[in-house]
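Student: pasting a predicted model and its sequence here:
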Amino acid sequence: MSTRQFNFCAGPAALPTAVLERAQAELLDWQGRGLSVMEISHRHPAYMAMVQEAESKLRQLMGIPDNYKVLFMQGGATAQFALLPMNLLGTKTHADYIDTGIWSAKAIAAMAPYGAASEIASSASGGYLNVPSQGQLKFNKDAAYVHYCPNETIGGLAFDYVPNTGAVPLIADMSSTILSEPIDVTQFGVIYAGAQKNIGPAGLTLVIVREDLLGSASKTTPNPFNYALQAANDSMLNTPPTYGWYLAGLVFDWLLQQGGLGVMAEKNAVKANRLYQAIDESRLYSNNIVIANRSKMNVTFILEDEALNAEFLQQAQANGLLNLKGHRSVGGMRASIYNAVPEAAVFALVAFMKDFETRHWA
Ligand SMILES: *Cc1c(COP(=O)(O)O)cnc(C)c1O
């Protein structure tokens, strides 16, 4: 017998229980067809209708204008690190990148075979505790695009503004922040995100691309990774990740039922504020990131006495609070509190943290 635990995993992350229950109810018999949605052709009219509906729900949630294409791809955000220069450089030779941590640095490193990545600003000298200000961004006028990561999932560092890049398209790796709050899509040339944080299960990658940026792919771009070809084929140039796409549609449904992204943003702020407040009020836990740049999705913290780390994690798990260990590259703790993580999970975590502190650090 098992009950669902509170899951703070950074990704693949928690999914709404209501979504999993609906998927379970529909698993063997989708729409009364006597088949699972996994077992039918992606070109079946019912499947095509379902994914079109999923896309229109996403467009409604995010307010995606008609001059943007929505692509449902594979390969994760990591594949996009290379697909961006392959699809967007065209006749240009370089692009601008902002470095705020591990994921933006990986995007920079992946650019090398395709062109020059100019690192126009970095948080490295400040220990990745704040993001560069708009004034510190010295754009190259002939850059193909400007790339940044609004929310660094590993460090727990987030932008509190959208860089203004003028006429140069802004590209955002929104893997860990998409759908967590309303955004103005028109500020971006491309938004991309692996699904496994805030959209659905791993295997699906969302790419939202402004139409005028299509059509510059290099000749070496494999067809399934060519934005323009996928856009022309409704993301069905080849077999898409059909089950992941279906589940993403259920999540979009659930988000609309919750009241949309404005409501989610309010809930997410309550959760994050509660957790940071507990950290700031304690003597055992700390987070040194500049307050305005603290992530609302991935809350990182360390224990003053690192010798307590193992016991903290073990007791948390015994209390039904799972996956709080920080990324292997930075250590410490990390509570990922995406849309599907309920307020009750954060309240339970805060109660546990206080109790643990009282017992070990009185
Ligand atoms: C998780 C994550 C990635 C990597 O995603 P994959 O799907 O594993 O390639 C990239 N960027 C950010 C911001 C992430 O959170």
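Tutor: Cool, the structure landed.
Student: per-residue confidence for whatever residue of the stretch 251-362 of the chain ends up closest to the ligand?
Tutor: Closest contact between the stretch 251-362 of the chain and the ligand, by C-beta to the nearest ligand atom, is at Asn298 (8.2 Å). The way it works is simple: take the backbone N, C-alpha and C, and place the C-beta from them, glycine included. pLDDT, Asn298: 98.
Student: how about the one 3 residues further on?
Tutor: At Phe301, the model reports a pLDDT of 98.
Student: each with direction, which strands does the helix or strand that contains it pair with?
Tutor: Assessed by DSSP states H and E, Phe301 sits inside strand 298-303. Partners of strand 298-303 in the sheet, by DSSP bridges, are strand 285-286 (antiparallel), strand 333-336 (antiparallel).
Student: and among those strands, the most buried is which?
Tutor: Compared across those, strand 333-336 shows the largest average neighbour count, a mean of 25 (mean count of other C-beta atoms under 10 Å).
Student: average pLDDT for the helix or strand following it, rounded please.
Tutor: Sequence order places helix 343-360 as the next helix or strand after strand 333-336, per DSSP H and E. Averaging pLDDT along helix 343-360 gives 97.
Student: before we move on, what about stretch 193-210?
Tutor: Taken as a whole, stretch 193-210 has a mean pLDDT of 98.
Student: how far does it sit from the chain's center?
Tutor: Put simply, stretch 193-210 sits 7 Å off its chain's centre (C-alpha atoms, centre = their mean, to the nearest Å).
Student: one more: stretch 221-231?
Tutor: Here the centre of stretch 221-231 is set off from its chain's centre by 22 Å, with C-alpha atoms, centre = their mean.
Student: how about stretch 81-90?
Tutor: Put simply, stretch 81-90 sits 20 Å off its chain's centre (C-alpha atoms, centre = their mean).
Student: in it, what's buried?
Tutor: Neighbour-count burial for stretch 81-90, counted by 16 or more other C-beta atoms under 10 Å, picks out 81-89.
Student: next, format those residues as CSV and append secondary structure, pLDDT and distance to the ligand.
Tutor: Listed next are the buried residues of stretch 81-90 as CSV, based on DSSP: H, G, I helix; E, B strand; the rest coil; pLDDT from 0 to 100; distance: C-beta to the nearest ligand atom, whole Å:
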residue, secondary structure, pLDDT, distance to the ligand
Phe81, helix, 98, 8
Ala82, helix, 98, 11
Leu83, helix, 98, 11
Leu84, helix, 98, 12
Pro85, helix, 98, 16
Met86, helix, 98, 16
Asn87, helix, 98, 17
Leu88, helix, 98, 17
Leu89, coil, 98, 20
